[in-house]
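Student: any chance you could fold what I've pasted below:
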Amino acid sequence: MSALAVDASVWVAAQDPTDPFCTASRAFLTHALVHRITLHVPAIARVEVACALARRLRDSAEGLRLANLLLSTAGAKEHPMSAALLANALSTGTTGFLRGADAIYAATAEMLGCQLVSWDKEHVRRAGAVLPDRWLTTNS
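Tutor: Numbers count the residues shown, from 1 in each chain. Below is the predicted model:
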């Protein structure tokens, strides 16, 4: 597999040592980097990751710095929030009963024809996503 879409939950967990999914997220991202797997994210990912980290750390500058560092180091390919992506997210989200931002990640994966990797159980149940640790077990 040469490309995956990755939800913000994975990126955030990888940067928070207190997160129960930190180790597995880091292992997944490291594997992807070493094996040159392209990690796709919608442009909203930078906002979601930075805000989640700033909130957890209670430090806005550090949240932004970590999000920028993580997404650039891991070589994430960001996709603009185009009309086509939003239309696909609207359809995917309403038919799959997803939350708004979750629908955008699912639509990104669908439009690119790649697997979505997420810790979000709704992504797994309703959008066919796979958990990072399960993806690693299957693809290592």
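
Student: which strands and helices sit next to the helix or strand of the chain with the lowest mean pLDDT?
Tutor: Least confident helix or strand, the chain: helix 60-73 with a mean of 92, by mean pLDDT, DSSP states H and E. Using 3 or more CB pairs under 8 Å, 6 or more residues apart in numbering; DSSP states H and E, the elements in contact with helix 60-73 are helix 8-15, helix 44-57. (C-beta placed from N, C-alpha, C; glycine too.)

Student: could you rerun that using 10 Å?
Tutor: Applying 3 or more CB pairs under 10 Å, 6 or more residues apart in numbering; DSSP states H and E, we find helix 60-73 packed against helix 8-15, helix 22-34, helix 44-57, strand 77-79.

Student: next, the angle helix 8-15 makes with the third one.
Tutor: It refers to helix 44-57. 40 degrees (axes from the mean of the first three to the mean of the last three CA atoms, to 10 degrees).

Student: got the buried residues for helix 44-57?
Tutor: Across helix 44-57, burial judged by 16 or more other CB atoms under 10 Å covers 44-46, 48-54, 56.

Student: may I see the buried residues of the least confident helix or strand of the chain?
Tutor: Buried residues in helix 60-73 (16+ other CB under 10 Å): 63-64, 66-67, 70-71.

Student: so how far is the first residue of stretch 91-101 from its last?
Tutor: 13 Å (CA to CA, to the nearest Å).

Student: can you give me the mean pLDDT across stretch 118-125?
Tutor: What stretch 118-125 shows for mean pLDDT is 97.

Student: alpha carbons only: can I get it in PDB?
Tutor: Output of stretch 118-125 as PDB, limited to C-alpha atoms (Å, rounded to 0.1, in the frame of the first residue of the first chain):
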ATOM      1  CA  SER A 118      -8.200   6.300  12.600                       C
ATOM      2  CA  TRP A 119      -8.700   5.700  16.300                       C
ATOM      3  CA  ASP A 120     -12.300   7.000  16.000                       C
ATOM      4  CA  LYS A 121     -14.700   4.100  16.400                       C
ATOM      5  CA  GLU A 122     -17.300   5.800  14.300                       C
ATOM      6  CA  HIS A 123     -14.900   6.000  11.500                       C
ATOM      7  CA  VAL A 124     -14.300   2.300  11.900                       C
ATOM      8  CA  ARG A 125     -17.900   1.300  12.100                       C
END
